[in-house]
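Undergrad: Any chance you can model this:
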Amino acid sequence: MISCPRRHLHSAALLLACAGCAPKNADMLHFLREHRHQVSAIEYRVGIPDVVMISAPRILEIDGESQRIQPDGKINLRLLGEVKVVDMTAKEISAKLEVLLSRFYVDPKVSVRVGYASKKYYVCGQTRSGARAYTGRDTLLDAVVNSGVDYTSWTSRVKVIRPSHGETPVRTLVIDVDEMIKNGDWSQNILLEPDDIVYVPPTPLAWLGQRIREVLDPFGPIVRAYSTPAYLLNMEEVYERDADGRYKATGAGYGGY
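TA: Below you'll find the predicted structure:
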């Protein structure tokens, strides 16, 4: 029987002990204050390399145009040429295009949508990790539910890490998403910001299992040797490689094939 190092068991005990911890009031107030000032989907300001999609049924020159914002912050449109749009909202871009088009059309109407690509937030831990496109309306629950969590994900201890910007320090908040869903209390369903990190830790048992696998890892080749069928271990005897590196049957070995 292989015993797990004591420090691993001690760490697991600490994880279990903090399961009932609630977010600190100061941290929660900070995140909620940020939430009140956060950009909504309507106020999202485009950046490089977002895509601007234009609809203007009466203006054939630009109707249906889809333009990626260039490094200089501009898009290039027929009839209008280069138009600077970086750091503008979709509504502001629509208004600017209408003003420019008024030289050629009477009361032009333009609608703009944005394909998000310039800003990201990140999900990691016991989940499907990766960068997600930031839209300005992404909540913590969106991030967790869409990340592929399973029974090994400790969703009652989800951590949101807000990186430092300038003189603003790093902020962290631990939220019980399970309780949020159970009680329907959205007060902790904070709105994410660009560059936020959502960390979903493994449950204590999943964490302990990972540590045990790490201890057993040196014995992996031996375990695989005893658990792998003999005919696979002797594949080189049953098959031989051809000139292209592919295996072909030799007529010997397992089962006489």
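Undergrad: what's across from residue 115 in the sheet?
TA: residue 51 (DSSP bridges).
Undergrad: For residue 63, list the residues it contacts.
TA: 54, 55, 56, 57 (Cβ atoms under 8 Å, 6 or more residues apart in numbering). In short, each C-beta sits where N, CA and C put it, glycine included.
Undergrad: That one in helix, strand or coil?
TA: Here residue 63 is coil, with the state taken from DSSP: H, G, I helix; E, B strand; the rest coil.
Undergrad: Start at 32, not 1
TA: Okay, residue one is now 32; in that scheme the one you just asked about reads as residue 94.
Undergrad: Distance-wise, check it relative to residue 179.
TA: Separation of residue 94 from residue 179 (Cβ to Cβ, to the nearest Å): 39 Å.
Undergrad: Give me the phi and psi angles of residue 108.
TA: Here the main-chain torsion angles of residue 108 (degrees, to the nearest 10) amount to phi -120, psi 140.
Undergrad: Can you get me a residue count around the nearest residue to it once chain neighbours are set aside?
TA: Using Cβ to Cβ, 6 or more residues apart in numbering and skipping the chain neighbours, the partner closest in space to residue 108 is residue 93 (5.2 Å). By the criterion of other Cβ atoms under 10 Å, residue 93 has 21 neighbours.
Undergrad: For residue 203, identify the helix or strand it belongs to.
TA: Take DSSP states H and E as the rule and residue 203 turns out to sit in strand 202-206.
Undergrad: what about the helices in the stretch 82-231 of the chain?
TA: Using DSSP state H, counting those that start in this stretch, the helices of the stretch 82-231 of the chain run over residues 121-132, 171-176, 208-214.
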